[in-house]
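**Student:** Quick one: sequence and predicted model below, then my questions.
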Amino acid sequence: MDKKFVTIPKSETPLTKEDFISDQMVKWCPGCGGHAILASVAKAFPNTGYKKENFVLVSGIGCSSRFPYYVNTYGFHGIHGRANAIASGVKIFNPHLSVWINTGDGDSMAIGGNHFIHTIRRNIDVNILMFNNKIYGLTKGQYSPTTPMGVETKTSPFGTIEQPFNPGELVIGSQGTFFARAVDTNPKLMTEVVEEATKHDGTSVVEVLENCVIFYDKAHEKITSKETRDNNQLILKHGEPMVFGTEKNKGIRYNPGKGGLEVVTIGINGITIKDILVHDQYSKDPGIHLMLAKMHLPEFPIALGVIRSAAFPTYNELFEVQMYEEQKSSKIKCMDDLLNSGDTWEI
Amino acid sequence: MTNKPTQQKDELVVKFVGDSGDGMQLIGTFFSDASALAGNDLATFPDFPAEIRAPHNTIPGVSGFQVHIGQSKIYTPGDLCDVLIAMNPASLKSNLKWAKVGATLIVNESTFDDDAIAKAGYTTNPLTDESLSNYHLVAAPITSLTKKACEEFGIDLKTVDRSKNMFALGMLCFITGRGMEHIFHLFDKKFVEKPKIKEINKTVFRAGYNYAETAEVVESVINVPAAAAALEKGRYRNVTGNVATAWGLLAAAEKSGRPLFLGSYPITPATEILIELALHKSLGARVFQAEDEIAGICSAIGASFAGAMACTTTSGPGLSLKSEAMGLAVMTELPLVIVNVQRAGPSTGIPTKSEQSDLNQALFGRNGEAPLVVMAASSPADCFYAAFEASRISMETMTPVILLTDGYIGFGSELFRIPKMADLPQIHPPIAAANDPNYKPYNRDANLVRQWAIPGTEGLRHRIGGLEKEDGKGNVSSDPLNHQKMVNLRRDKVLKIADRIPLQDVIGEEKGDLLVVSWGGTKGATLSAVQGMQAQGKKISLAHFTNIMPLPKNTEQVLSNFKKVIVPELNDGQFVNYLRMKFPHIKLEQYNKVQGLPFTVSELTEQFTKIMEGK
């Protein structure tokens, strides 16, 4: 079918970020990564061209989940872990809304893990912004499912003994069609990936590596600090070779013998730019995307930007096609038809 | 038709029992539908194990279906049966206690081999040891006669074996004076895509019918005349409670102009509502099978925020899982209908058996002060009106409503007089107007109801959620006095709903010796018992409640007009204790049964008689 059912009405007048600023006082701690994420979103939303009344922000519980109060759209602050389920209901009921989920590593990786994976598996056309500070902030410093092994927190006084989730790996393992990663210290990249997420039809997950200044300060320091970031970040761009490093001479190569990725240096051992993988974010096969999402320090840089953006049918489009077909073909057009269908008789 | 003498009966109860997979639900449904087409009133109840196929020929594997037909109004599927069709020893063994003394037993003799007799727990063959001498035993070699009847088709033994239920149905239809035309009409519809199966079934049915006639298995044919006189004029159909619930929700969506959204997770005995609603995309029903119970209700809350007539359907354990989200619906003051088809608990309990034991959970099972509306449906057909009313109240008052039904009325069926949609009331949800400069999320009208501002509407952007709200503006607030005020407002809003619901009616005199107070799915039994005793001149009346929170405004008055009040319930006393909490000065007796079984009319009559006689 050529007709596209899931469309979002456009604003007649151009909008600016002021259109999305709410009258509420932002109550995150000074220095919290949340401020930068909020600024990036307020910048990205007007660029979508959608009517401001057609945005709905849904959140769960946690620091991240205060987000909807700070954006002047329709907003729903839910209960712990359930943002993805609530947002699914919003989008399935009215596919003409641009639905955003503000969630965190506790909300979506722990208590709401089930809703997170199933929303992604269904490819519901919502955008998930997951603030990953690798700690429980609002409950004041307990470890989360993304806290690295061995870290001492209030509830792991001797260090955690749990393997953390890598959210990207979980997203792709759940048949995810879009995954991007950003850092709270690079608002420009964040705005870019948020805009890419908007363009994607289906569930988009943006993991933002966010710093919690109070309970897990410098969790992402090796990735984000000025001194180390160039060597520890690989900023992906579709169609461009995966090059990084202060000298821009390091790259990611696929090594068939190893069956995986490796870091190589251009100009050493005969390596040229031609050996370096070129990023294809639209590849339907998730193989390389998964390898990119899994890359971790110190062996690899951390992949940032849009890692995967593959086109698959969305739940909402399939849902609307069925609604349309049934409404066209069914003999039952109203309740009187239904009540009088099948075996009935007069007394 | 036969020349046999005919014995007129006002009503008849038939029970079909056999191994799971013997097709008892199928022939039970055929017989019920044919009786309905012949003009009888009826009520049915299937009785099946939780296992899809328990071990062959064992008692846990027995599946049953009971139907009560009559020429007068029928309120229950009946206590004890007049005709028992038993397809194997285990089903006879486990169901004989449900047959009246003197009942006709149609038994498939072919299955009574030593092994099956022993598996059923018999030490001797009951068909030959005289233990059934108080019944009219019709032992017929149904399997072997079916085999013979099928010879012309040259089909495999498995298919032959699967048609033997039609032989039994044929025998029953002869015995009950049913012509073949209604049954064959139903076969033509049911097997429209399987012409060969249809022909086999017709042949086997005829063989059973003719066998019963030729072998003279009964001395007279039972005739239950049409119920035309007892039933209100109109167009009728047979309906189960779960289907009626689904249709009531759909009807409310049409009458409110708000499309239906269902978020649900399959659970016995509520799944049929989800299955039914999933069929009706053409009516705009948006049905989402969620990953769990919590996602079921949370997706419904999201849809409600977005402007849907939202509902979620479940049974006891699922209601437990939804508790936190119900509190969210209370706090955000969004319409939501939560249908709980109760089953025997606690925990997983007995999934296919019915109980009324979730009332406390419905009334009180949330954190904080979280009042919502609780209602209960009375019978399979009443589920339609109860679901409609629950939806109406929920949308018009922006308040979540729990509708309690149960497995007994959910799976059970009865005749349903088809309403005209034009005769149902219009539903008016308080939808906020676009660009209303005075809109505030928690402004309220005189009934304390806030407005529904639907995303996509210009000029109404706002934020709500589970944190306490500032009165009016709806901003997050932890101010102590505001919290007190909001708690009071949410409570008073629910109490004010008593203004919108009918006063409690009393069936019988408004004053008397004994008032029976029942609620929910027990109405058929309590009404039958009360009417029976009224006919004997007893000063007994019935107040059957459908509105539980809030109670009708005249409840105290109704309860005060009788010398004694008894509250029979299929739980350990949940409604009676709720009434005691509300009206501590009124003395209330109770009668409780928690066996996963419905009340029988006879046990209620016995209890009511005892209490009236002061025993």
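**Tutor:** Ah, there it is.
**Student:** hey, let's count contacts and neighbours off CA atoms from now on
**Tutor:** Noted.
**Student:** Show me what the worst-scoring helix or strand of chain A on mean pLDDT pairs with in its sheet, parallel or antiparallel.
**Tutor:** When each helix and strand of chain A is scored by mean pLDDT, DSSP states H and E, strand A:345-346 comes last, with a mean of 88. Applying DSSP bridges, strand A:345-346 is found paired with strand B:235-240 (antiparallel).
**Student:** Give me the helices and strands touching the helix or strand just after the partner strand, please.
**Tutor:** Note on strand B:235-240: by DSSP states H and E, the next helix or strand toward the C-terminus is helix B:241-256. In terms of contacts (3 or more Cα pairs under 8 Å, 6 or more residues apart in numbering or on different chains; DSSP states H and E), helix B:241-256 is packed against helix A:335-339, strand B:260-264, helix B:271-278, helix B:382-397, helix B:407-411.
**Student:** so how far is the first one from its chain's centroid?
**Tutor:** Okay, so that is helix A:335-339. From the chain centre to the centre of helix A:335-339 is a distance of 43 Å (Cα atoms, centre = their mean, to the nearest Å).
**Student:** other SSEs contacting it?
**Tutor:** Short answer (3+ Cα pairs under 8 Å, 6+ apart): helix A:335-339 packs on helix B:241-256.
**Student:** Please state the mean pLDDT value computed over the helix it packs on.
**Tutor:** For helix B:241-256, mean pLDDT is 98.
**Student:** Please work out which residues outside that helix touch it.
**Tutor:** Applying Cα atoms under 8 Å, 6 or more residues apart in numbering or on different chains, the contact partners of helix B:241-256 are A:334-335, A:339, B:259-260, B:270, B:272-274, B:276-277, B:283, B:285, B:309, B:379-389, B:391-392, B:409-413, B:421, B:424-429.
**Student:** try it again with 6 Å
**Tutor:** For helix B:241-256, contacts defined as Cα atoms under 6 Å, 6 or more residues apart in numbering or on different chains pick out B:259-260, B:272-273, B:380, B:383-384, B:387-388, B:409-410, B:426-427.
**Student:** could you check the angle strand B:260-264 makes with it?
**Tutor:** Per axes from the mean of the first three to the mean of the last three Cα atoms, to 10 degrees, the angle that helix B:241-256 makes with strand B:260-264 is 140 degrees.
**Student:** between the helices and strands packed on helix B:241-256, which one is nearest to residue A:209?
**Tutor:** strand B:260-264 (32.9 Å; Cα to Cα).
**Student:** just checking, residue B:525 touches residue B:601?
**Tutor:** Yes - taking contacts as Cα atoms under 6 Å, residue B:525 lies within contact range of residue B:601: 5.2 Å.
**Student:** between the two, which one's more packed in?
**Tutor:** Taking other Cα atoms under 10 Å in any protein chain shown, residue B:525 and residue B:601 do not tie; residue B:525 has more neighbours (24 against 21).
**Student:** Let me see the contact set for the nearest residue to residue B:353 once chain neighbours are set aside.
**Tutor:** Using Cα to Cα, 6 or more residues apart in numbering or on different chains and skipping the chain neighbours, the partner closest in space to residue B:353 is residue B:596 (4.8 Å). Shown in contact with residue B:596 (Cα under 6 Å, 6+ apart): B:344, B:353-355.
**Student:** Next, residue B:596: secondary structure please.
**Tutor:** Following DSSP: H, G, I helix; E, B strand; the rest coil, we place residue B:596 in the coil state.
**Student:** Equivalent analysis for residue B:521, please.
**Tutor:** Following three-state DSSP, the label given to residue B:521 is helix.
**Student:** List the contacts of it.
**Tutor:** Residues in contact with residue B:521 (Cα under 6 Å, 6+ apart) are B:378-379.
**Student:** tell me, how many neighbours does residue B:185 end up with?
**Tutor:** As a burial measure, residue B:185 scores 12 neighbours (other Cα under 10 Å).
**Student:** repeat for residue A:320
**Tutor:** 18.
**Student:** What helix or strand is the closest residue to it other than its chain neighbours located in?
**Tutor:** Take residue A:320 and drop its neighbours on the chain: the residue closest to it by Cα to Cα, 6+ apart is residue A:5, 6.2 Å away. For residue A:5, there is no enclosing helix or strand under DSSP H and E.
**Student:** Tell me, how many residues neighbour residue A:5?
**Tutor:** Residue A:5, neighbours per other Cα under 10 Å, totals 16.
**Student:** show me where pLDDT drops low in chain A?
**Tutor:** Chain A contains residues with pLDDT under 70 at A:1-2.
**Student:** which residue is nearest the middle of it?
**Tutor:** Closest residue to the average C-alpha location of chain A: residue A:205 at 1.8 Å, with Cα atoms, centre = their mean.
**Student:** what bridges to residue A:345?
**Tutor:** Per DSSP bridges, the residues bridged to residue A:345 are residue B:236.
**Student:** what sits against residue B:427?
**Tutor:** Counted by Cα under 6 Å, 6+ apart, residue B:427 has contacts B:255-256, B:392.
**Student:** quick one: the residue lying closest to it once chain neighbours are set aside and residue B:308, what's the gap?
**Tutor:** Once flanking residues are discounted, residue B:427 sits nearest to residue B:256: 4.6 Å by Cα to Cα, 6+ apart. To residue B:308, residue B:256 is 10 Å away according to Cα to Cα, to the nearest Å.
**Student:** So the two - more neighbours on which side?
**Tutor:** Set side by side, residue B:256 and residue B:308 show more neighbours around residue B:308, with 29 against 20, by other Cα under 10 Å.
**Student:** In space, what's closest to residue A:332 - neighbours in sequence excluded?
**Tutor:** Spatial nearest neighbour of residue A:332, chain neighbours left out: residue A:338 (5.8 Å); criterion: Cα to Cα, 6+ apart.
**Student:** about what we covered before: output the contacts of helix B:241-256 as TSV; include the columns pLDDT.
**Tutor:** Compiled in TSV, these are given as follows (pLDDT from 0 to 100):
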residue	pLDDT
B:259	98
B:260	98
B:272	98
B:273	98
B:380	97
B:383	98
B:384	98
B:387	98
B:388	98
B:409	96
B:410	97
B:426	98
B:427	98
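**Student:** what bits of the stretch 401-550 of chain B have low per-residue confidence?
**Tutor:** Scanning the stretch 401-550 of chain B for pLDDT under 70 picks out nothing.
**Student:** Around chain A, which positions in it sit nearby?
**Tutor:** Applying Cα under 6 Å from any Cα of the partner chain, we find that the stretch 401-550 of chain B lies next to chain A at B:456, B:458, B:461-466.
**Student:** quick one: which of these sit in strands?
**Tutor:** Judged by DSSP state E, the subset of these located in strands is B:463-465.
**Student:** Report the buried members of those.
**Tutor:** B:463-465 (16 or more other Cα atoms under 10 Å in any protein chain shown).
**Student:** which one of those residues is nearest residue B:210?
**Tutor:** Minimum distance to residue B:210 across these is 68.6 Å, recorded for residue B:465 (Cα to Cα).
**Student:** Pull the contacting residues for that closest one.
**Tutor:** Contacts of residue B:465 by Cα under 6 Å, 6+ apart are A:76-78, B:332.
**Student:** For the residue lying closest to it once chain neighbours are set aside, list the residues it contacts.
**Tutor:** Among residues not flanking residue B:465 along the chain, residue A:77 sits closest, at 4.2 Å (Cα to Cα, 6+ apart). Residues counted as contacts of residue A:77 (Cα under 6 Å, 6+ apart) are A:58-59, B:465.
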